[in-house]
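# any chance you could fold what I've pasted below:
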Amino acid sequence: QVTLVESGGGLVQAGGSLALSCAASGLTFNNYAMAWFRQAPGKVREFVAVISTSGAATYDADSVKGRFTISRDNAKNTVTLQMSSLKPEDTAVYYCAARPSIAFRAVSLYNYWGQGTQVTVSS
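Model (predicted):
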């Protein structure tokens, strides 16, 4: 049984930083591309960042480019999203997701999802 558990969400002031972590179990972690998505109230779930199986390649959404960094530790089965220069529009529930092999940005292509962690950025 594949399980993804996010942690690290919370309330932060605009301009601040926060790090989200996702712990994976029940899968051969280094065979899976890992991604972060987010969903704000009343909006569709959107892509944030993705990292390849080895960690050699990453891709960020334009809205977070230069502010967010995705990384992974294949020895610990974890993926991290380091967020800085946070803006109120970053407020959302952030989800960790996994799919085998190739990294994509589309929500529909991900097989496994965490329960989400709330990030709230106050102005």
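
# could you say which helix or strand holds the spatially most central residue of the chain?
Centroid-nearest residue in the chain, with Cα atoms, centre = their mean: W36, separated by 2.3 Å. Assigned by DSSP states H and E, W36 belongs to strand 32-39.

# which strands border that strand, and is each parallel or antiparallel?
Sheet pairing here is set by DSSP bridges, and for strand 32-39 it gives strand 46-51 (antiparallel), strand 92-100 (antiparallel).

# output those as JSON lines; include the columns mean neighbour count.
C-beta: built from backbone N, CA, C; applies to glycine. Compiled in JSON lines, those are given as follows (neighbours: other Cβ atoms under 10 Å):
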{"stretch": "strand 46-51", "mean neighbour count": "22"}
{"stretch": "strand 92-100", "mean neighbour count": "21"}
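
# want to throw these into a markdown table with mean pLDDT?
A markdown table is the format used below for those (pLDDT from 0 to 100):
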| stretch | mean pLDDT |
| --- | --- |
| strand 46-51 | 98 |
| strand 92-100 | 98 |
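
# need the ones you listed in a markdown table (columns: distance to S123).
As requested, the strands paired with strand 32-39 are exported to a markdown table (distance: least, Cβ to Cβ, whole Å):
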| stretch | distance to S123 |
| --- | --- |
| strand 46-51 | 20 |
| strand 92-100 | 15 |
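
# of all the ones you listed, which one comes closest to S71?
The closest of those to S71 is strand 46-51. By Cβ to Cβ, the value is 6.9 Å.

# now the closest one: how far from the chain's centre is it?
6 Å (Cα atoms, centre = their mean, to the nearest Å).

# M34 is in contact with P100, correct?
No. Counting by Cβ atoms under 8 Å, P100 stays clear of M34, with 11.0 Å between them.

# overlap in contacts, the two.
Common neighbours of P100 and M34, using Cβ atoms under 8 Å, 6 or more residues apart in numbering, do not exist here.

# state the distance from L86 to A61.
To A61, L86 is 14 Å away according to Cβ to Cβ, to the nearest Å.

# still on that earlier bit, out of the strands paired with strand 32-39, which gets nearest to S21?
Of all the strands paired with strand 32-39, it is strand 92-100 that lies closest to S21, at 8.6 Å by Cβ to Cβ.
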